[in-house]
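In: no letters, just coordinates:
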């Protein structure tokens, strides 16, 4: 099995990674690049906690081979805050108590961030639809949805 | 924590020719990789261990999504479900297909998973299949030496089995324009309000009304080894009777076209009940629109 | 950056995997690890033979790896530590284990029969806490008996007697973070452990006893935990990982569970069978009650015996019952074993009791709200264990009325449209922390040079945010801004002040009292110095806005900063010293319970509540849609509204999952069929009811911190029966077993009221 040299732009920074073909994107992020915000929690693409933005689109990075992302641009949770300041969505999450154990929070925040970019004024149903792929066991989703709706109002 | 996939060689062809050559070379030891939302899961579970993965997303032809008044909708093998679901022509001309494709997985899965992948996986629960069946789609199959067109109803051969030979792949799906004034819908029974595989899936394409000949097409997911059409039952709807009577007459014939089983997701009797209830609700709802 | 155990790396780390038994009950006839030992990258392979000592929280019935016998399909029989995860996985495949299957038992009622296969033939030899009494020669790990008054006689005089059976399957905590542990065992026996445990001190204690290492040589670290819900409350895989490290010459070893292993091998919630017989008078007041609660503990007792006990002493639910005969049993089967899970037996028996209340009400023609109000406990009532409820007790009657009002009780009729029936149901609840009468908590507040402070407490951070509330209390007591109080994140048993465990909805109360005590200790030290510095009597000094000043003269204030490290006079002389406040708390006047009657004082504080739901039942498909939820809890004092709401919303959906969609499914051989999130469904965002009205009632708990009571588990106790009661209200169909999946509801409708589903 060959080694591949791939280039990933992660949170605006170009990274060069040597990887085997059978490594997934979430693996490379966590082990090669040291970004542990994306989680491994179900091995079947059910939980969504490995969510990252691939060219701005939310995807489950445990279902993407690292080599498939060659030349592409990624945003992880670590890339959302600018110069130590949390992103507007992150601020709203904290304000609304939308995180408890925090394990699903990177995924929920990224899904929300992508949603608000493509749909700046979503309905509650649309917010729920955007979170469908992310499992949370602590919050019951209510405060997460409230935070995202609030963030959408604050943008305008 | 298992992230480990079995070892394989990764290929990233940039042309149709290159793709088909690779497939011809490796045959059953190769798998086509489009969205990966089924394949990667099955690799990780060691349900399959191909020596070669052929990533088709670099091939321009496979990314084609287009619509023409003559040929209808064309969906390339690398077109994602979200692309299809948000495609204007799909929404206007094939709302049943957009609806069905929109029930697959969740938004993130649909950013990667493809329509072609959904049928090639060969699951009897494929949500796009009943819609494609009632739309009478055509599947374009190619190998290095041959191309052929397979009507969708001949594409599925058994559980996880399609008509594809080891050196063949689906390059695109063509969906003809539905009959004039027809209305379609896809109903999916889930175990929860959240995303789920279909316990039972029903698609119906209905043409009815005072100046029209009644025509119903019915197709089902998760109630037979493959997605199926209920041709015999469909004929019953051509009669000139009130819809409730037609449904009462047709249901027993529908039940002959399906053979639900009990598995971890649902029991046989419940699935049979759902076939009856959902067929009635869906067809009645579409019928009365006219 | 938030770090969980899976994110941590220790230099030289090895990776562990374990091999699981495919059989639910079998003798291990041989284990051959030679091929695995020679496999590339493998440092150690261990089996049950290397460490044949039994461990357990209350009954020492479990070994680190199965030896001689496996007791559930999924039980670890061997473990490997290797240089990479791939090497460990490959090595596992090379371990040859041979089994001779034994007859297995999967149902608690079968397990209680005299000719049942025995899960623990050697039960008589197991050491156990004197509080629990396993019955050798049976599958009974414990029977908790509660006897109050004379139930037999009282039944004879009852106007109506109702008897029913109820059941629910085992369910998974399904915390998002799979269990993870890193351990390093040094040559001199000192041990460092990083684990996602809720109770680092319990982990340390059990490791010490199991491995024969003195307590102070073991140091347990707990970083952030990605959800616990009780599943990480006791001891899980830490002993296994420590052993692997020992056998690897002291190299650190990391174990991460897959989600599948979380389902098949990590502990879960006990299954439940309940039989309840209730006698009421003409007014619907309960005069006698007899119940048999049976908890399916699975292969090992773990917390199961305490759960049975807690269910036993709370057995009536929040009602006053003068005559009770309750046997609450914990029984072994060949299922995966159960541990603590939010609610600790209460969700299970309240499923029975709250359904029973509605069934009685239906039988005698009484409104379900009314029957509850007539029986509700209040100040002065005598509970099942003979405790007289204090005047400051929470008010379950207020909770019931509030939930009923907010759901629109009496206003929504049986609206039936297109085969969809609407109904409303209500259920009440209560719980006190299930813990030993001497379970303690402690806290340290230490000041920094700039007058800010660090707060160290033993409650672990699982996401419940207790530490925020504790910081609020400290800030309040010390007159400081909360921004100046830092809660230490990591728990390290060498440094962190002791807390019995982070469970039982006990920590806000107990850590809260300890924090207040610590803050007052710090305050006294400051005041002592300030009194000298300002030459003002201590009683005349005030702490406010980060300053100390004589009352009425805030302009004379001195910043806390001046006292944080001791006070230095202008000429350089220093008095006092660095301020460290310490506080401790143990529950007031609790007792053990009488082994024959269960009488005594087990409860630190009773939190009461009620929840009502409005449902829409599609009778043709069995789909139950929750339209609205109304929850009311008497929590004494809302310290942090956002955190409390988080508990209410989260607990509601987690228990809705148990009510509607969750449950372990096994094949005939006892192997799990739904060990992944595709087929073990938990609630997603779209499963959330569209409306949830929450009322927090505040009748203060006089000895709670600022009047507060616990809430964490309480939010999870009454949704399933409320939903079933609503289904009954809507359709007349009675449900006795969980989960209420569409298929199971449809089956109940077809059995009891098929005519409903026959309509158009």
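Out: Perfect, thanks for sending it. This is a predicted model, so every value here is computed, not measured.

In: show me the strands in the stretch 151-290 of chain B, by range?
Out: Counting by DSSP state E, counting those that start in this stretch, the segments of the stretch 151-290 of chain B that form strands are B:156-158, B:161-162, B:169-175, B:183-189, B:200-207, B:215-221, B:228-229.

In: with adjacent residues omitted, what lies nearest to residue C:358?
Out: In space, and not counting its chain neighbours, residue C:358 is closest to residue C:725: 4.5 Å by CB to CB, 6 or more residues apart in numbering or on different chains. All C-beta spots, glycine's among them, are computed from the backbone N, C-alpha and C.

In: swap in residue C:100?
Out: residue C:27 (4.5 Å).

In: distance of the one you found relative to chain A?
Out: Distance from residue C:27 to chain A, counting by CB to the nearest CB, to the nearest Å: 32 Å.

In: helix, strand or coil for that residue?
Out: strand (DSSP: H, G, I helix; E, B strand; the rest coil).

In: I'd say it and residue C:103 touch.
Out: No: counting by CB atoms under 8 Å, residue C:27 stays clear of residue C:103, with 11.8 Å between them.

In: find residues that contact each of those two.
Out: Here residue C:27 and residue C:103 have no joint contacts, going by CB atoms under 8 Å, 6 or more residues apart in numbering or on different chains.

In: so where do the helices sit in chain A?
Out: In chain A, the segments counted as helices under DSSP state H are A:25-27, A:88-95, A:105-118, A:124-131, A:142-154.

In: so who does the residue nearest to residue C:100 touch?
Out: Going by CB under 8 Å, 6+ apart, residue C:27 touches C:68, C:69, C:99, C:100, C:102.

In: now the first one: closest residue in space, sequence neighbours ignored.
Out: Read it as residue C:68. Nearest to residue C:68 is residue C:28, by CB to CB, 6+ apart, at 6.0 Å.

In: could you report the pLDDT at that neighbour?
Out: Residue C:28 is assigned a pLDDT of 98 by the prediction.

In: tell me which helix or strand residue C:379 sits in.
Out: Using DSSP states H and E, residue C:379 falls within no helix or strand.

In: what are the phi and psi values at it?
Out: Here is the backbone geometry of residue C:379 (degrees, to the nearest 10): phi -60, psi 130.

In: near chain C, which residues of chain A show up?
Out: A:30, A:36-37, A:39-44, A:46-47, A:49, A:78, A:96-97, A:99-104, A:128-129, A:131-132, A:134-145 (CB under 8 Å from any CB of the partner chain).

In: what about the residue in the stretch 51-200 of chain B that chain C sits nearest to, neighbour count?
Out: Going by CB to the nearest CB, chain C is nearest to residue B:194 of the stretch 51-200 of chain B, at 3.0 Å. Using other CB atoms under 10 Å in any protein chain shown, residue B:194 is surrounded by 20 other residues.

In: follow-up on the earlier one: of the contacts of residue C:27, select the buried ones using a PyMOL command.
Out: In PyMOL syntax, the buried subset of these is picked out as below (16 or more other CB atoms under 10 Å in any protein chain shown):
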select buried, chain C and resi 69+99+102
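
In: turn the contacts of residue C:27 into TSV, including pLDDT and distance to residue B:119.
Out: Formatted as TSV, the contacts of residue C:27 follow (pLDDT from 0 to 100; distance: CB to CB, whole Å):
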residue	pLDDT	distance to residue B:119
C:68	95	51
C:69	97	48
C:99	98	42
C:100	98	47
C:102	98	46
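
In: do you know the pLDDT at residue C:386?
Out: 97.

In: which ones are touching residue C:376?
Out: C:318, C:319, C:320, C:396, C:397, C:400, C:428.

In: find the nearest non-adjacent residue to residue C:578, please.
Out: That would be residue C:565: by CB to CB, 6+ apart, it lies 5.1 Å from residue C:578.

In: sorry, wrong one. I was asking about residue C:444.
Out: Spatial nearest neighbour of residue C:444, chain neighbours left out: residue C:456 (4.5 Å); criterion: CB to CB, 6+ apart.

In: residue C:597 too?
Out: residue C:147 (4.3 Å).

In: doesn't residue C:595 make contact with the one you found?
Out: No: Residue C:147 is not in contact with residue C:595 according to CB under 8 Å; the separation is 10.9 Å.

In: the more surrounded of those two?
Out: Neighbour tally, residue C:147 and residue C:595, criterion other CB under 10 Å: the higher count belongs to residue C:147, 17 against 14.

In: got the contact list for the more buried one?
Out: C:324, C:325, C:326, C:596, C:597, C:598, C:599.

In: among the residues you listed, which one lies nearest to chain B?
Out: Of all those, chain B sits closest to residue C:326, with 34.9 Å by CB to the nearest CB.

In: ok, the closest one - contacts?
Out: C:144-147, C:289-293, C:312, C:315, C:384, C:598.

In: would you mind giving these as JSON lines with distance to residue C:236 added?
Out: Listed next are the contacts of residue C:326 as JSON lines, based on distance: CB to CB, whole Å:
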{"residue": "C:144", "distance to residue C:236": "25"}
{"residue": "C:145", "distance to residue C:236": "31"}
{"residue": "C:146", "distance to residue C:236": "31"}
{"residue": "C:147", "distance to residue C:236": "36"}
{"residue": "C:289", "distance to residue C:236": "37"}
{"residue": "C:290", "distance to residue C:236": "37"}
{"residue": "C:291", "distance to residue C:236": "32"}
{"residue": "C:292", "distance to residue C:236": "31"}
{"residue": "C:293", "distance to residue C:236": "26"}
{"residue": "C:312", "distance to residue C:236": "26"}
{"residue": "C:315", "distance to residue C:236": "29"}
{"residue": "C:384", "distance to residue C:236": "32"}
{"residue": "C:598", "distance to residue C:236": "30"}
